[in-house]
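# can you look at this prediction? I've put the sequence above it.
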2 protein chains.
Amino acid sequence: MSKGITTRQEDYSAWYNELVKKADLAEYAPVRGCMIIKPYGYSIWEKMQAALDLMFKETGHTNAYFPLFIPKSYLSREASHVEGFAKECAVVTHYRLKNAEDGSGVIVDPEAKLEEELIVRPTSETVIWSTYKNWIQSYRDLPILLNQWANVVRWEMRTRLFLRTAEFLWQEGHTAHATREEAIAETEQMLEVYATFVENYMAVPVIRGIKTPTERFAGADETYCVEALMQDGKALQAGTSHFLGQNFAKAFDVRFATKEGGLEYVWGTSWGVSTRLMGALIMVHSDDQGLVLPPKLAPFQVVIVPIYKMKPNWPKFQKKWPSSKPSSCAGASRCAMTTAIPTNRAINLPTGK
Amino acid sequence: MSKGITTRQEDYSAWYNELVKKADLAEYAPVRGCMIIKPYGYSIWEKMQAALDLMFKETGHTNAYFPLFIPKSYLSREASHVEGFAKECAVVTHYRLKNAEDGSGVIVDPEAKLEEELIVRPTSETVIWSTYKNWIQSYRDLPILLNQWANVVRWEMRTRLFLRTAEFLWQEGHTAHATREEAIAETEQMLEVYATFVENYMAVPVIRGIKTPTERFAGADETYCVEALMQDGKALQAGTSHFLGQNFAKAFDVRFATKEGGLEYVWGTSWGVSTRLMGALIMVHSDDQGLVLPPKLAPFQVVIVPIYKMKPNWPKFQKKWPSSKPSSCAGASRCAMTTAIPTNRAINLPTGK
């Protein structure tokens, strides 16, 4: 870890920004608000993904993949969803470029205008529920328990690496259920999965709670969340799990034949965590010396090996550090002793080389 | 596997399309040319990813993540690259929607027009080499051996599930080297990784070769490829590895101080395989009865369990199927015997439920 970063005391925000860059975790991309996740940062994210993915599968979920683009009209289908998401989105309007006649490069071909604009997904409820409509006919088709690992885009005006970027990586779970009770149980279960992950892998204690109506996910009846405390005394949202009620089922007309022969709207949930977790991880554990990582997510496991100049008094030494082992140094005047002194201090080893 | 698909003899192309849908692997999304990879299909792709990712890491590569969007001007920087890629691309021109005044839904906010249009990446050489310019100063910074797992978009006019879709999933390796020889060795190494994967995991024999100049990657000096033979006698490109020479280094002015004190352009490679491999996998092994998968990539390992009506003559039975084991059936008149009769026939078990 490079020295010379602003201290937390001086300027907490500057400390964070400098640390992310100096620890070689991420940097800004040439496109406004987008980030490049560097190898060291990405290897931490991969460890998070692996642990979460296993937890999702152990709770009965399967991965799938839905498209990046959403027809513009879909965003208007669920009334409060459009208020929350349709605003700051990347909009695809054309599908072709052509050479500029003056040879200056490429220009957008005006003849290749899309009939309906496409939105780069800010979240995938709309495209997924339009698909569930085809997949669900009867109670036998339920529940559907899917997750996807994907990139999403929200055109944020003020961005910070990992914490708020225009494009970010995340997972989004989307489930469909026959009853309200089952959907609420799923919402609560996934909140508990997130809490367990953040506490056990990230070593960050969280508060489980319910968002106020103004902070609720646009389209949800209730948003559950886990919040973690940062060193500046502020809370950071670490993960959310939404009980969607029948809102998206109604917006996309997803009904199922019940066991009793009726026809009812399907109940839904969605839940997600993103690369924002990287921000929380950094902010909770690191200090003025640099990055500190919890052992389960550290890409490099570090052991400090003290080397002594003279033959040590072995029994006395071993009494102090019982886990130490002598290397072969019979007769040597200089002798290496290995002792596992645990450290969470992140070591900047070269990656990707 | 559902019955009633067109036979290969009748119509090879229809057979493929029906099989992909009936085996529940993928379907078309509401957005033209995009696909939804269903849970069963995605679980095969996950197995491919896991095996390939391990092989990349064993050969010294690390994962990273570069942004989805590329500034339009970047595509013009490398002359042949622009010819090959700048044409059929999804173009983001606006970053905001707003409510239509007549209450009919949302419209693109004309005031939220981007100064420079953004291209949804068709491949990432340009944005990555613009970044390598900042990362590479001297020979000590080389080689850089990165890979990313990502989605890319190429606005194809004629699409087929897995084989050619507007959006697809892939991995793209991007490496930077001090010498021509090292870059060529990397290109060849990754071709061999692909050949090994396709042969050992997909159980598909391949031909290693070099593309003709017209089929070469736009921006490469040489494109190496592995090609597999489909049941209709046609070859399918399974993976490509490109020796980029100094083309992108020159386009983005990426030079390094040599050991000898000189200043030289960096040598590059890029290499990729995509969800198109799913198409090859299906087309090579399946038959008129449906999907057939090689054991290493099958999400479900199937064992056939014959159940006999009378007490079998155990020693005789075991002689015929040495791997069989009797279940506890002392004194029973009907008794289950387990014997592992290997089958590659894909069984459609419910997933995501």
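Perfect, I can see it now.

# touching, A:Lys47 and A:Pro295? I think so.
No. A:Lys47 lies out of contact with A:Pro295 (CB atoms under 8 Å); the separation is 10.7 Å. All C-beta atoms are positioned from the backbone trio N, CA, C, and that covers glycine.

# how about A:Val127, secondary structure?
Following DSSP: H, G, I helix; E, B strand; the rest coil, A:Val127 is assigned to helix.

# how many residues are close by it?
26 (other CB atoms under 10 Å in any protein chain shown).

# which residues touch it?
The contact partners of A:Val127, by CB atoms under 8 Å, 6 or more residues apart in numbering or on different chains, come to A:66-67, A:70, A:74, A:121, B:29-31.

# and the pLDDT for it?
Here, the pLDDT recorded for A:Val127 equals 97.

# can you check the one 3 residues further on too?
Looking at A:Ser130, its pLDDT reads 97.

# so it touches B:Ala29, yeah?
No. Counting by CB under 8 Å, A:Ser130 does not reach B:Ala29; the two are 9.1 Å apart.

# so between those two, which is more surrounded?
A count of neighbours by other CB under 10 Å puts B:Ala29 above the other of A:Ser130 and B:Ala29, at 24 against 21.

# shouldn't the more buried one be in contact with B:Ile37?
No. B:Ala29 lies out of contact with B:Ile37 (CB under 8 Å); the separation is 9.8 Å.

# contact partners for whichever residue of the stretch 201-350 of chain A sits closest to chain B?
Using CB to the nearest CB, the closest approach of the stretch 201-350 of chain A to chain B is made by A:Thr275 at 8.7 Å. Going by CB under 8 Å, 6+ apart, A:Thr275 touches A:37, A:45, A:162, A:165, A:168-170.

# what of A:Tyr74?
The neighbourhood of A:Tyr74, defined by CB under 8 Å, 6+ apart, consists of A:119, A:126-127, A:130, B:30.

# could you redo the last one with a cut-off of 7 Å?
Neighbour list for A:Tyr74: A:126-127, A:130 [criterion: CB atoms under 7 Å, 6 or more residues apart in numbering or on different chains].

# closest to chain B among those?
Proximity of those to chain B was ranked by CB to the nearest CB; the top entry is A:Ser130 with 5.9 Å.

# now for the nearest residue to A:Trp170 once chain neighbours are set aside, how many residues are close by?
Spatial nearest neighbour of A:Trp170, excluding adjacent residues (CB to CB, 6 or more residues apart in numbering or on different chains): A:Ser274 at 3.5 Å. A:Ser274: 22 surrounding residues under other CB under 10 Å.

# settle this for me: A:Ser274 is touching A:Thr165, isn't it.
No. In this structure, A:Ser274 is not within contact of A:Thr165 by CB atoms under 7 Å, at 9.4 Å.

# got any residues that touch both of the two?
With CB under 7 Å, 6+ apart, A:Ser274 and A:Thr165 have no common neighbours.

# tell me the SS of A:Glu88?
In three-state terms, and counting by three-state DSSP, A:Glu88 is coil.

# again, but for A:Gly233
Look at A:Gly233: counting by three-state DSSP, its state is coil.

# name whatever forms a beta bridge with A:Glu264.
Legend: beta-bridge partners of A:Glu264 under DSSP bridges are A:Phe256.

# in chain A, what helix or strand scores lowest on average pLDDT?
Least confident helix or strand, chain A: strand A:335-338 with a mean of 40, by mean pLDDT, DSSP states H and E.

# contacting residues around stretch A:260-268?
A:136, A:142, A:175-177, A:179-180, A:182-183, A:244-246, A:248-250, A:254-258.

# ok, the contacts of A:Tyr74 vs B:Glu78, which is closest?
B:Glu78 lies nearest to A:Val127 out of the contacts of A:Tyr74, by CB to CB, at 34.0 Å.

# quick one, domains of chain A?
Domain assignment for chain A by automatic domain parsing gives A:12-296, A:303-342.

# winner for burial among those domains?
By mean neighbour count, with neighbours taken as mean count of other CB atoms under 10 Å in any protein chain shown, domain A:12-296 ranks first of the domains of chain A at a mean of 19.
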